[in-house]
Each structure stands twice: as structure tokens, then as C-alpha cells.
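Asker: one predicted model, sequence on top.
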Amino acid sequence: MTSDVAGSSLRGVRYGRVNRHADSRGSFVEIWRSSILGELTEEVAGLPNASFVQANLSTSAAGVLRGLHYHRRQLDYWTVLAGRALVALVDVRPVLADETAHALVETRELGACETVSIPTGVAHGFLALEPLQLLYLVTNEYDGSDELGFAWDDPAVGVQWPSVGGTPDGRPILSDRDRSNPTLAELVGSLRGAS
């Protein structure tokens with residue numbers, strides 16, 4: 001298993017790759033090993049005393065976009081099992097610290113056996129470029145209280161999503177939640193008001 005195959009401009013984000021061992025019988029992939037990320041310190045996870053507590057499998061048809069989702073109490077560790085995804089990461093931490101700052105945006109295409117570790121405070125989303133299976137480990141059990149997000153197409157953020165083939169208008173296929181998310185400015189305003 002390898003990690004850190006490509007750097008990131010966002011603090012705490014780490015990209016990696018897992019190895020697939022295949023022969024005529026099938027294949028074996030070691031998805032995660034604790035020594036790869038090391039101790040989940042506050043610098044790595046974005047929160048103190050983190051440990052992985054839940055694993056999820058997301059399957060998406062080509063053209064599905066999920067995001068942009070934001071967590072205050074959760075580190076995500078994603079592994080693409082099959083397919084390809086355009087992953088968008090938006091570092092919201094500078095905006096929360098200083099209302100005159102801008103969010104930092106990074107996009108990267110990930111394929112089978114590629115990984116990304118996403119610390120707390122970095123919003124994330126992906127567009128399935130082909131049928132996709134995405135396994136993700138998280139440090140917070142789902143209860144709905146930390147499921148925040150903002151508009152995938154917020155012009156103030158400026159994620160450059162490609163046009164989607166196979167849809168009438170070239171726009172991605174979205175859930176009701178992702179279609180109705182607020183802007184980043186509205187989300188930040190509500191988070192500041194809740195503090």
C-alpha cells in the first residue's frame with residue numbers, strides 16, 4: 001500500500017494510491033491501514049481525538065454529482081473502488097477565520113485504487129465521470145447533525161465542473177438536497193450566527 005502520491009495545496013489533504021494484486025482468480029486490495037495516515041492528530045484530521053468509526057459505500061451512475069458537503073466534526077478518507085470521479089475540495093477554514101478571505105479550491109480526477117483524505121473544514125464533492133463505487137471511512141457516526149453543504153455551482157466559489165453528457169442541458173444529476181443547498185456565504189453566515 002502506498003500513500004501521498006501527489007501533493008495538495010490544501011492543508012491536511014492527502015492523496016494516495018492503494019495497490020491491487022490480481023491474478024486469474026481475482027484480486028486483492030488493502031483499502032486502508034492506520035499507519036498510512038498515522039495518528040489522527042488535530043493537524044491530520046482537523047479535530048482532536050479522531051478515529052474512524054463508520055465505513056460507507058457510495059455508488060453513482062455517470063453524471064451524478066454529490067456535494068458540496070461540509071462537516072465540522074468529520075474526517076473523510078475516500079477510496080475509489082471502481083470508475084472515475086472528478087473530486088472538488090473547497091477549504092472553508094480561511095473564510096470562517098476571516099470574512100474577507102476566499103475559499104481555496106482544488107479539483108483532481110481520481111480513478112480506481114486512488115485515495116484522498118479530507119480533513120474537517122474542507123468541503124467536498126464529486127462528479128461521477130463513469131459508473132462509480134466510492135468507499136469512505138469517517139470519524140463521526142451519521143446522525144444528520146453534521147450534514148451541511150453549499151451549492152455545487154456557487155459562482156463565488158467557482159468550481160470548474162465539466163459539462164455532463166447524456167443529460168438534456170449538460171448539467172449533472174443531483175439529489176434534492178444538493179439542488180437546494182445555500183451559497184457558501186449563506187452557510188458561513190449561519191455558522192457564524194450559531195457560534
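Answerer: Perfect, I can see it now.

Asker: any idea how far the spatially most central residue of the chain lies from Glu141?
Answerer: In the chain, the C-alpha nearest the mean C-alpha coordinate belongs to His124, at 3.6 Å (CA atoms, centre = their mean). With distances taken as CB to CB, to the nearest Å, His124 is found 18 Å from Glu141. Quick note: C-beta positions are derived from backbone N, CA and C, even for glycine.

Asker: same question, Ala62
Answerer: From Ala62 over to Glu141 the distance is 30 Å, taken as CB to CB.

Asker: those two: which has the busier surroundings?
Answerer: Ala62 (17 against 9; other CB atoms under 10 Å).

Asker: still on that earlier bit, residues touching the residue nearest to the centre of the chain, list them.
Answerer: Gly67, Leu68, His69, Tyr70, Asp76, Val87, Ala88, Leu89, Val90, Ile118 (CB atoms under 8 Å, 6 or more residues apart in numbering).

Asker: let's see that with 10 Å instead.
Answerer: 13, 66-71, 76, 78, 87-90, 116, 118, 136, 149 (CB atoms under 10 Å, 6 or more residues apart in numbering).

Asker: quick check: most distant residue from the centroid of the protein.
Answerer: Ser24 (33.5 Å).

Asker: quick one, phi/psi of that one?
Answerer: The phi/psi pair for Ser24 (degrees, to the nearest 10) reads phi -60, psi -20.

Asker: can you check Glu186 too?
Answerer: According to degrees, to the nearest 10, Glu186 has phi -70, psi -40.

Asker: does it touch Ser180 like I think?
Answerer: No: with contacts counted by CB atoms under 10 Å, Glu186 stays clear of Ser180, the gap being 11.6 Å.

Asker: those two: which has the busier surroundings?
Answerer: Glu186 (13 against 10).

Asker: how close does that one get to Arg179?
Answerer: 15 Å.
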